[in-house]
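# Next input, structure requested:
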Amino acid sequence: MKIADMTMDEFEKALLKTKTLLLPVGSLEEHGSHLPVGTDAMHASAIAEEVERLIDVFVAPPLWYGLCRSTSQHTGTVSISGKTLRGVIYDIVCSFYKNGLQNQIVLSGHAGGTHMAFIVDALEEAIVTCPALNCCALSIIDIVRECCSHIVETPNDSHAGEVETSIIKAIAPELVKGIGREEYPSFPKHFIVRDKKAFWPGGIWGRPEASSKEKGASLLRQEASYIVGLIKELEKISSESCTAKGGENKF
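As a prediction, this is how the structure comes out:
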């Protein structure tokens, strides 16, 4: 149930079916010379659409901007600060909570470590502010590692490689421009480098040559199935918390 398409009355009626929200998050970030800069948000949104076909869930409009460190010097990357990301996630989550959505999953198509850390920090504050809130935060990389290892051929595939190229081939093939060449960043361990592009010139982390439209469709089905399972688990926890006499919400 896409929130952006709903009226006020429709929103209220939908709360009788579910109180669970899926919030897709992405980034505006280079994805090599062959994929669009909106790949991350497009991927998270595509999963949300697949989930929506399988189970009753509120789907929020995607957040198109995130924190991008390693690609910050590549053309096309538009990053926001961690402080801004944290504040925006916190405000959105708390506002949806006030609207009756007490179970929330923040699904990020951008998997940067610092980016995810600020999202988690926002949710840590939100569960203090919103006492009945049950929430999760995970990235595409988390899902792929959990349930798609039998599909992905490239070890440590991460950015604009086999997975993301397959996804865009499946959902928007007209946006794939060429193939892209296998590449991996060579950042020195522990160093904070100024010239990031010198250590990652092409902006690809993986092997896009291993991608296919069919693989992308299979990945989306697996990813959506994983999120459906997570929603059911979250709703079970929520139900148990509500029915327990004098019980305290552990999550």
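
# residues making contact with the helix or strand hosting residue 198?
In this structure, residue 198 sits in helix 196-199 according to DSSP states H and E. Applying C-beta atoms under 8 Å, 6 or more residues apart in numbering, the contact partners of helix 196-199 are 69, 70, 71, 72, 73, 74, 185, 186, 187, 188, 193. Every residue, glycine included, has its C-beta placed from N, CA and C.

# Could you rerun that using 6 Å?
Helix 196-199 is contacted by residues 70, 73, 185, 186, 187 when judged by C-beta atoms under 6 Å, 6 or more residues apart in numbering.

# now the residues you listed: which count as buried?
Burial by neighbour count, 16 or more other C-beta atoms under 10 Å: within the contacts of helix 196-199 this picks out 70, 185.

# backbone phi and psi for residue 183, please?
Residue 183 adopts backbone torsions of phi -160, psi 150, taken as degrees, to the nearest 10.

# thinking it is in contact with residue 203, fair?
No - Residue 183 sits out of contact with residue 203 when judged by C-beta atoms under 6 Å, with a separation of 7.8 Å.

# Please say which of the two ends up with more neighbours.
A side-by-side neighbour count of residue 183 and residue 203, using other C-beta atoms under 10 Å, places residue 203 first with 24 against 19.

# tell me the SS of that one?
Under DSSP: H, G, I helix; E, B strand; the rest coil, the three-state class of residue 203 is coil.

# Which residues are in contact with it?
With C-beta under 6 Å, 6+ apart, residue 203 has these contacts: 30, 32, 71, 74.

# how about the nearest residue to residue 226, chain neighbours excluded?
Leaving aside its sequence neighbours, residue 226 sits nearest to residue 147 (C-beta to C-beta, 6 or more residues apart in numbering; 4.8 Å).

# brain fart, residue 188
Nearest to residue 188 is residue 199, by C-beta to C-beta, 6+ apart, at 7.5 Å.

# on contacts alone, who are the packing partners of the helix ranked longest in the chain?
Longest helix of the chain, by residue count under DSSP state H: helix 213-243. Applying 3 or more C-beta pairs under 6 Å, 6 or more residues apart in numbering; DSSP states H and E, one finds that helix 213-243 contacts helix 39-54, strand 103-108, strand 134-139, helix 140-147, helix 162-171.

# Give me the average confidence score over that helix.
Mean pLDDT, computed over helix 213-243, is 90.

# can you pull the contacts of the most centrally placed residue in the chain?
The geometric centre of the chain, computed from its C-alpha atoms, lies nearest to residue 108 (C-alpha atoms, centre = their mean), at 1.7 Å. Contacts for residue 108 (C-beta under 6 Å, 6+ apart) come out as 25, 139.

# what's across from it in the sheet?
residue 25, residue 139 (DSSP bridges).

# Would you mind listing the buried residues in the longest helix of the chain?
Quick answer for helix 213-243 (16+ other C-beta under 10 Å): 213, 215-220, 222-224, 226-228, 230-231, 234-235, 238, 241.

# now do stretch 85-100
In stretch 85-100, counting by 16+ other C-beta under 10 Å, buried: 85, 86, 88, 89, 90, 92, 93, 94, 96, 97.

# Can you tell me how far the residue nearest to residue 188 is from residue 183?
11 Å (C-beta to C-beta, to the nearest Å).

# With residue 156 instead?
From residue 156 across to residue 183, the span is 12 Å (C-beta to C-beta).

# Also residue 108?
For residue 108 relative to residue 183 (C-beta to C-beta), the value is 23 Å.

# Same check on residue 195?
From residue 195 to residue 183 the distance is 17 Å (C-beta to C-beta).

# Residue 21: helix or strand, and which one exactly?
Per DSSP H and E: strand 20-25 holds residue 21.
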